[in-house]
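> Provided below for reference: sequence and predicted model.
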Amino acid sequence: MIIQLQKNIDDNLRRQIVEKVNSLKYSTTEVKTQKGEYIVGIGKKEFDIRQLGNMKGIADIHIVSDDYKLVSAKWKVEQSAIDLGDGVKIGGGDFAIMVGPCSIEGEDQIVKTIEHMKENGVKIMRGGVFKPRSSPYSFRGMGIEGLQLWYKLAREAGIKIITEVMQVSQIEEMVEYVDVFQVGARNTQNFNLLDELGKVDKPVMIKRGISGTIDELLHSAEYVFSAGNEKLILCERGIRTYEKATRNTLDLNAIPVMKEKSHLPVVADPSHGIGIRRHVEPMTLASVMAGADGVIVEVHEKPEEAASDGQQTLNFRESETLIRRVKAAHEMLLSF
């Protein structure tokens, strides 16, 4: 169960509620986030909810059968939305387009990408400064100095930043310069990292694991929420299957399923999902029609010269066409 506590509840009332829930043979976990205070109760014994409903200090009680309680759709009437400020939102009817290179490479690249974004009305720039690479000899990012440069240029242009954090030690140095932390597929079950991201007041987008199930992704999000951060976004980025014709298998099924199971916004990453430049556009449009709340696409002025993932990265001309068609597809979807 999830018990929503009234705002500014005093410690004595909170303690009485916890003791009452424990008396019903339910273990309790107290969760305080940016938006509210909750008590999560775990147990199997059925009870009359009126035993709790009349207690002072309780705003609402929800019976949630899912193992992941706080990210479940069973206790939220409406889908959650992430507000990044300056009119930039993800979810709740607002469709987010996020574009940018796989890796941040330098000032000239950042400036040209921002110009491209402004020309096409895109407000969120993706990019990596700490890059997890399969080979230790590949370019692994510009680090914190690159992030600080990127942040300065993006802020001057009114652009928001989403970038990957790879380990707990990076959070503190990155947090001032990030609008959305990204948890990559390799770190989806790095529970120490998820716990620490639950302690920061910045949105977190969690990508599905390379071979992860939908429920495993939802459990990962539960770690962050239960640690205190409910500003969460789920990302379908393709999973590893036995198919070799594409980099991954973009699971379009996951988009409506996750939106049914969870109240969190769902974003699709077709660049990683298929890994082939010429097929990124149709898979992006398919993601829109499947009900995604946004897409995150790799874009570079000259993909053939990109430090990483050039084979799946759109050039500016291809990106401009895609952005226009994505906006048209979303408008069409809203008109149905």
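That came through, no problem. Numbers count the residues shown, from 1 in each chain.
> rest of the way, CA atoms for contacts and neighbours
Fine.
> Skipping adjacent residues, who's closest to the residue positioned nearest the centre of the chain in space?
What sits nearest the mean C-alpha location of the chain, by C-alpha atoms, centre = their mean, is M205, with 2.0 Å. With sequence-adjacent residues excluded and distances taken as C-alpha to C-alpha, 6 or more residues apart in numbering, M205 is closest to I233, at 4.4 Å.
> Could I get the pLDDT score of that neighbour?
The score at I233 is 98. That number is its pLDDT.
> can you give me the end-to-end distance of stretch 171-185?
End-to-end distance of stretch 171-185: 17 Å, with C-alpha to C-alpha, to the nearest Å as the criterion.
> Could you tell me which residues within that stretch count as buried?
Across stretch 171-185, burial judged by 16 or more other C-alpha atoms under 10 Å covers I171, M174, V175, Y177, V178, D179, V180, F181, Q182, V183, G184, A185.
> what does stretch 261-276 give?
The neighbour-count check on stretch 261-276 (16+ other C-alpha under 10 Å) flags 261-276 as buried.
> Rounded mean pLDDT for stretch 99-112, please.
Computed over stretch 99-112, the mean pLDDT rounds to 97.
> that older thread, in helices, which of the buried residues of stretch 171-185 fall?
I171, M174 (DSSP state H).
> Can you lay out the buried residues of stretch 171-185 as CSV showing distance to V224?
What follows is those, written out as CSV (distance: C-alpha to C-alpha, whole Å):
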residue, distance to V224
I171, 14
M174, 17
V175, 16
Y177, 20
V178, 17
D179, 16
V180, 14
F181, 12
Q182, 12
V183, 11
G184, 14
A185, 15
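> Contacts for the lengthiest helix in the chain next, please.
Counting residues, the longest helix found in the chain (DSSP H) is helix 316-335. Residues outside helix 316-335 that contact it (C-alpha atoms under 8 Å, 6 or more residues apart in numbering) are F95, I97, H116, N120, E281, T284, L285, V288, M289, V299, H300, E301.
> what's the most distant pair in those residues?
Greatest spatial distance in those: M289 and E301, 27.4 Å, computed using C-alpha to C-alpha.
> My guess is F47 contacts K25. True?
No - with contact defined as C-alpha atoms under 8 Å, F47 does not count as touching K25 (9.9 Å).
> neighbour-wise, which of those two wins?
Higher neighbour count among F47 and K25: K25, with 15 against 10, using other C-alpha atoms under 10 Å.
> returning to that earlier point: double-check that the residue nearest to the centre of the chain belongs to a helix.
No - counting by DSSP: H, G, I helix; E, B strand; the rest coil, M205 is located in no helix; its state is strand.
> Tell me how far V299 lies from D309.
10 Å.
> okay, and the common contacts of those two?
Common contacts of V299 and D309 (C-alpha under 8 Å, 6+ apart): C102.
> What segments of the stretch 101-250 of the chain are strands?
Here the stretch 101-250 of the chain has its strands, by DSSP state E, counting those that start in this stretch, at 124-126, 160-164, 180-183, 204-207, 232-236.
> What strands flank the last one, and is each parallel or antiparallel?
Here strand 232-236 is paired, per DSSP bridges, with strand 204-207 (parallel), strand 266-268 (parallel).
> Just send those back as TSV, with mean pLDDT and distance to R126 too.
Compiled in TSV, these are given as follows (pLDDT from 0 to 100; distance: least, C-alpha to C-alpha, whole Å):
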stretch	mean pLDDT	distance to R126
strand 204-207	98	12
strand 266-268	98	13
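> L153: which of these is closest?
Using C-alpha to C-alpha, the strands paired with strand 232-236 put strand 204-207 closest to L153, at 21.9 Å.
> And the helices in the stretch 151-300 of the chain, which stretches?
168-174, 191-197, 214-226, 254-261, 270-274, 277-289 (DSSP state H, counting those that start in this stretch).
> Show me what the fifth one packs onto, helices and strands only.
In terms of contacts (3 or more C-alpha pairs under 8 Å, 6 or more residues apart in numbering; DSSP states H and E), helix 270-274 is packed against helix 277-289, strand 294-298.
> check contacts around the residue nearest to the centre of the chain.
V180, F181, Q182, V183, L232, I233, L234, C235.
> Provide the partner residues of the fourth one in its beta bridges.
The reference is to V183. I206.
> Model confidence for it, exactly?
Looking at V183, the pLDDT reads 98.
> gap between it and A292?
Going from V183 to A292 by C-alpha to C-alpha gives 18 Å.
> Same check on the last one?
As defined by C-alpha to C-alpha, C235 lies at a distance of 9 Å from A292.
> Give me the common contacts of the two.
Taking C-alpha under 8 Å, 6+ apart as the criterion, C235 and A292 both touch V266, V267, A268.
> still on that earlier bit, the buried residues of stretch 171-185: which two are farthest apart?
Spatial extent of the buried residues of stretch 171-185 (C-alpha to C-alpha) is set by the pair Y177 and A185 at 21.9 Å.
> three-state assignment of V99?
V99 - assigned by three-state DSSP - is strand.
> Distance to A245 for the strands paired with strand 232-236 - can I get that in a markdown table?
Converted to a markdown table, the strands paired with strand 232-236 look like this (distance: least, C-alpha to C-alpha, whole Å):
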| stretch | distance to A245 |
| --- | --- |
| strand 204-207 | 22 |
| strand 266-268 | 20 |
